[in-house]
Every structure is written in C-alpha cells, then in structure tokens.
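*Asks:* got a sequence here, can you model it:
(4 chains)
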2 protein chains.
Amino acid sequence: MIEYSSQPHYLVAVDCIVFGFDGAHLKILLVKRGLEPEINKWSLMGGFVGSNESPDDAANRVLKKMTGLEGVYLEQMQIYGEPNRDPIERTLSVGYFALIDIHKYENQLNDDYEAEWFLINERPKLIFDHDQMVADARKKLRYKASLHPILFEMLPKQFTLPQLQNLFEEVNDTKIDTRNFSRKITSTGLLIKLEEKDRSSSKKGAFYFKLDKKKYKADFQAFLNLIPNLKN
Amino acid sequence: MIEYSSQPHYLVAVDCIVFGFDGAHLKILLVKRGLEPEINKWSLMGGFVGSNESPDDAANRVLKKMTGLEGVYLEQMQIYGEPNRDPIERTLSVGYFALIDIHKYENQLNDDYEAEWFLINERPKLIFDHDQMVADARKKLRYKASLHPILFEMLPKQFTLPQLQNLFEEVNDTKIDTRNFSRKITSTGLLIKLEEKDRSSSKKGAFYFKLDKKKYKADFQAFLNLIPNLKN
DNA sequence: ATTATTAATTGTCAAAATGACATTTAATAA
DNA sequence: TTATTAAATGTCATTTTGACAATTAATAAT
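*Replies:* As a prediction, this is how the structure comes out:
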C-alpha cells in the first residue's frame, strides 16, 4: 500500500517570463539572482511557493514584489520538473508568462531588485533551464496571440495602428501587409479611434486608438485570426 | 537572504484524465482509489512523482501501470496547487489529459486496479478537486481539438466518417452538417479511404478510412479549423 | 510660397473558404 | 419488387482572404 509518509517531498517554485513592448521591439524583464547558487547571474523572476499560497498566488506575489504591479496578465505555462534541473536540491518550477505595459512598470520600479529590460534577442544567458523556459514562453505567446487578443496587454492605453502592427510582427517574427492588417484588426470591432494623433514618429502622425474593453472581455475566448497565412 | 533549507517541501503528484471513444460516445477511465483517505472512492489515475522521474515520466508510468499502454497521447494541462486540496498533507498535482484508443486498452487491462470506463456525462462524483480537473480537461480537449487533429488518437486504425463526425460532435457538444464536415475533413488530406466497409451500423455500410500518418505528423502544428461557426 | 519628403491611410479584385440546404445511392429486409 | 435505412455527395450565394499600389497629411527644404 502506498502511503503519503513514505513519499519524497520537493521544493516548488514559480518562474515568470515577463514580456513587454517598447513600441518597436519585444522585451523581457530579467533580474540578478539574489541567492546561491548562481548568485548575481541573470535569471527569471521567481520564488518558492509558500505554505499558504497556490502557485498562482506565488507568481502574483513575486511579480508584485519585484515590479510593484498588481493584476497583470499572467498565464500558467507548464511545469519544469526534471530531477536535476536545480543543482542544490530537487525543485520543481511552474513557469508563467506575464504581459505587462512597459510604461506602467517604469513608474513602479522596485529598486531593491536589480531588474532590467532586455531586447528579446539580445538577452544574456540565463541560469538553469531558464533559457528553455523563455523559448517555450515565446512559442506559447505566439500561439495564444494568434488566436486571442492578448497582445493588447502589453500596450499603453493609447496606441497607434503602426505600433500594434509592429507588436504583431515582432511576436510572430514576420511581416504583415499593412492594408490587410488594418482591415482585419478593424473588423474585430476591438478598437476605438481617438481624435488625437501621435506625432512622434512621423510628420503626418498616426491616430491613437484605444481598446474597447467591453468587446475585449466578451470576445476574449472567441477565436480571432489575426496572423495571415502567407502564400508567397 | 532566502535559502533553500528554510523553504517548505511538498508532495507532488500527477493525475490523468483519460479520454476514450466507443464509436458513439466520449468516455473517461476512472479507478477506485487504493489508499487513504477516500480509499475505494472513484478517482482519476494518479500517483506521486518519484525521486528520479519528471512529472511527465510519472504520468507515463502511472498510465502504463494501470492500462498497460505505452506511448499514449499525453498532454500536460495545468498544476493544481491550492494549499488545502488534499486533506492529509499539502500535495500539488500536475493534471494531464490522455487520449487513448479504447480498443487497445481492452486487450491490455490490468486487473490489479479496478478501472472502469464511464460515459463522460454519467460518471460518479470524484474525490478532492478531480471533478474540476475533468471539467478543465474537457475544455482543454475541445480547445485543442478545434485546432489540431488530436481526436484521431482516440480512434482505432480503421474508422468511418460517421464515427469521426460523432466524435467531433461529442467533444464539441454540437451537431455538424454531414456534407460540410465531409468536405472539410477530406480537404485536410489526412484521410485515406479504404476498400472495406463497416457493415455493423447500416445496411449500406460505411467505408473505412485510415489516417495518413505522414501528413498527420507534418500538419499537427498547423491550424485546422474543423468546427464550424454556426450562424443560425 | 512651392516643392520635396516621409510615414500613415485607404481600395480593388480574383480566389478560396464557408454555411445553408436536399437528393441520390447502396445494401438489406419485407 | 418494394420498402427501409443510413451513407454519400453537389450547388449556390456570401464572406473571407491574400496580393497588390496610390493617395493623403503633415513637416522640412528650397
């Protein structure tokens, strides 16, 4: 008979891949690790799951502690549980990816932790299996974003169509035809055009849009299809 | 400074939602639990993660032990980690869903475990949060199956179009127009029509098909779109 | 004042995919 | 020979898609 008492116990952690977008490029937020082993090396934001919290709770706690942000978009990805992934002691880690508005973060920076944004393709090597986690998170982000409008979570309240398209192109690592993108994104009914223009990027300026939050919540589970299937 | 040694340790388990299809209805495989608490109550197939295996390894081991089957389709779903989900001791469980060909199983039944197939809608109440796991697994199955051809994993080597359509209808809890379904599924190129007919369900008989495995593997990650968006 | 420059914005058309819909066919039973 | 039953298949109008380039709005330069 199997009994609980004879079974091995493990540490359980969470690690968060935090994505942001600066208007042109996809970025990832990394921290200098504060404990041994591999202290002071770059790593994902993480921490152990406490006695009175679920892994989801723990991920939210870690994010709040290190970025000051609450209520960020957070999605469970998968568990990383190879027996020897942590050299000190067996630790299973639940991987999450988070999407945050990079501008909100800047105001709430917690300086106790050395955190820094890196361009997704120019990030330093990370500890343990964190590079694998980042690769998995990118894949999952791409997958999810091709079906649901999650990328808006990384945009400020006002954004332009060129910015939005940039973001889709970055995430999917592809170029999208401007006319077709505009048509598709408009037909979702998710965008509300504003009076104001962003003049910072061109003489003509690009109109700002905001998200129709009601429509966003209602349609979140509906499949969109924002990434074209290129034939040529 | 946070140190490993001061952190709490937990039991880590896996639980598998095993789906099957009898040609007409979606089924789920349950076992009578073999340890306290809740001994002899119906539950999902599960077990603790051992010292030298990953959670994926553990899920495969449990499935093999209880069904005799190896290499079944197994997908990590999510982690269940509410602090009090297990009344004896804190246990985190990684939920998996498995898709198996119900006919293969029948040949390999391991009688040491009291396992039984239940119609998905006529299953007994399960222990702990296992009912929630089943609900989540159904949702995930539906989601994934609407995009990728995973349902073939539940069919025998030879199957008929009506059977295939039944399966899609069961999983999506909807009725599909025969002509449109046939057109779509044919256009995927995934099916190879055989000479033989299944005469068990009608006078006319229905042609058997088999899966084009090469095409299946190649197209697995490509998005299909097999479930229609009904307008009326 | 006119022109040049630059990025934003918008339109067309042919092809493909979709959804709605009913009849014909193959086999056995009566 | 006819009745019965489930399987298989076709049409058409609408919508969606992908490929493609010209126009517009604003500032900078002359």
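
*Asks:* the closest residue to residue A:173 other than its chain neighbours: neighbour count?
*Replies:* Closest residue to residue A:173 apart from its sequence neighbours, by CB to CB, 6 or more residues apart in numbering or on different chains: residue A:142 at 8.0 Å. No exception for glycine: its C-beta is placed from N, CA and C like everyone else's. If you count neighbours by other CB atoms under 10 Å in any protein chain shown, residue A:142 ends up with 14.

*Asks:* can you give me the buried ones in stretch A:5-16?
*Replies:* A:7, A:9-16 (16 or more other CB atoms under 10 Å in any protein chain shown).

*Asks:* so of those, which ones are in strands?
*Replies:* A:11-16 (DSSP state E).

*Asks:* quick one: which of these is nearest residue A:201?
*Replies:* Nearest to residue A:201 among these is residue A:16, at 30.8 Å by CB to CB.

*Asks:* can you pull the buried residues of the lowest-mean-pLDDT helix or strand in chain A?
*Replies:* Taking mean pLDDT, DSSP states H and E as the measure, chain A has helix A:102-108 as its least confident helix or strand, at a mean of 81. By neighbour count on 16+ other CB under 10 Å, the buried set for helix A:102-108 is A:102, A:105.

*Asks:* go on, stretch A:42-58?
*Replies:* A:42-49, A:53-58.

*Asks:* residue A:160 contacts residue A:210, doesn't it?
*Replies:* No: contact between residue A:160 and residue A:210 fails when scored by CB atoms under 8 Å: they sit 10.9 Å apart.

*Asks:* among these two, which residue is more densely surrounded?
*Replies:* Shown here are residue A:160 and residue A:210; by other CB under 10 Å, residue A:160 has more neighbours (21 against 16).

*Asks:* which residue packs closest to the more buried one, ignoring adjacent ones?
*Replies:* Leaving aside its chain neighbours, residue A:160 sits nearest to residue A:206 (3.8 Å; criterion: CB to CB, 6+ apart).

*Asks:* helices of chain A, start to end?
*Replies:* Along chain A, counting by DSSP state H, helices occupy A:55-67, A:102-108, A:130-145, A:161-172, A:178-187, A:213-219.

*Asks:* save those helices as CSV, and put in distance to DNA strand D too.
*Replies:* As requested, these are exported to CSV (distance: least, CB to the nearest atom of the strand, whole Å):
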stretch, distance to DNA strand D
helix A:55-67, 33
helix A:102-108, 24
helix A:130-145, 16
helix A:161-172, 12
helix A:178-187, 4
helix A:213-219, 13
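
*Asks:* what residues does stretch A:179-193 touch?
*Replies:* A:149, A:152, A:161, A:164-165, A:168, A:207-212, A:215-216, A:219, A:224-226, A:228 (CB atoms under 8 Å, 6 or more residues apart in numbering or on different chains).

*Asks:* can you name the residue of chain A nearest chain B?
*Replies:* residue A:9 (3.7 Å; CB to the nearest CB).

*Asks:* so which elements touch the least confident helix or strand of chain A?
*Replies:* strand A:11-21 (3 or more CB pairs under 8 Å, 6 or more residues apart in numbering or on different chains; DSSP states H and E).

*Asks:* before we move on, back to that, and the helices of chain A, which one is worst for confidence?
*Replies:* Note on the helices of chain A: helix A:102-108 shows the lowest mean pLDDT, a mean of 81.

*Asks:* got the CA positions of that helix in CSV?
*Replies:* Taking Å, rounded to 0.1, in the frame of the first residue of the first chain, the C-alpha atoms of helix A:102-108 are listed here in CSV:
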residue,chain,number,x,y,z
ILE,A,102,6.3,48.6,-20.0
HIS,A,103,5.3,52.2,-19.2
LYS,A,104,3.4,51.2,-16.1
TYR,A,105,6.4,49.3,-14.9
GLU,A,106,8.8,52.2,-15.2
ASN,A,107,6.8,54.2,-12.7
GLN,A,108,6.7,51.4,-10.2
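
*Asks:* also near DNA strand C: which of the buried residues of stretch A:5-16, exactly?
*Replies:* The subset of the buried residues of stretch A:5-16 within reach of DNA strand C, by CB under 7 Å from any atom of the strand, is empty.

*Asks:* reformat those residues as TSV; add distance to residue B:187 and pLDDT.
*Replies:* Shown next, in TSV, are the buried residues of stretch A:5-16 (distance: CB to CB, whole Å; pLDDT from 0 to 100):
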residue	distance to residue B:187	pLDDT
A:7	50	96
A:9	52	97
A:10	48	98
A:11	50	98
A:12	46	98
A:13	46	98
A:14	43	98
A:15	42	98
A:16	41	98
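
*Asks:* what's near enough to touch the closest residue to residue A:25 other than its chain neighbours?
*Replies:* Closest residue to residue A:25 apart from its sequence neighbours, by CB to CB, 6+ apart: residue A:119 at 5.5 Å. Listed by CB under 8 Å, 6+ apart, the contact set of residue A:119 reads A:25-27.

*Asks:* quick check, pLDDT for residue A:119.
*Replies:* Listed pLDDT for residue A:119 reads 97.

*Asks:* run through the bridge partners of it.
*Replies:* residue A:27 (DSSP bridges).

*Asks:* show me what from chain A comes close to DNA strand C.
*Replies:* Proximity of chain A to DNA strand C (CB under 7 Å from any atom of the strand) is limited to residues A:160-162, A:178-180, A:182-183, A:197, A:201-207.

*Asks:* of those, buried ones?
*Replies:* For the residues of chain A next to DNA strand C, buried by 16+ other CB under 10 Å: A:160-162, A:182, A:206.

*Asks:* now the terminal residues of stretch A:36-46, how far apart.
*Replies:* Length of stretch A:36-46, first residue to last, CA to CA, to the nearest Å: 14 Å.

*Asks:* which residue ranges make up the domains of chain A?
*Replies:* A:4-145, A:150-219 (automatic domain parsing).

*Asks:* tell me the most buried of those?
*Replies:* When you average the neighbours per residue for each of the domains of chain A (mean count of other CB atoms under 10 Å in any protein chain shown), domain A:4-145 leads with a mean of 18.

*Asks:* pull the contacting residues for the closest residue to the residue of chain A closest to chain B other than its chain neighbours.
*Replies:* Using CB to CB, 6+ apart and skipping residues adjacent in sequence, the residue nearest residue A:9 is residue B:9, 3.7 Å away. Counting by CB under 8 Å, 6+ apart, residue B:9 touches A:9-11.
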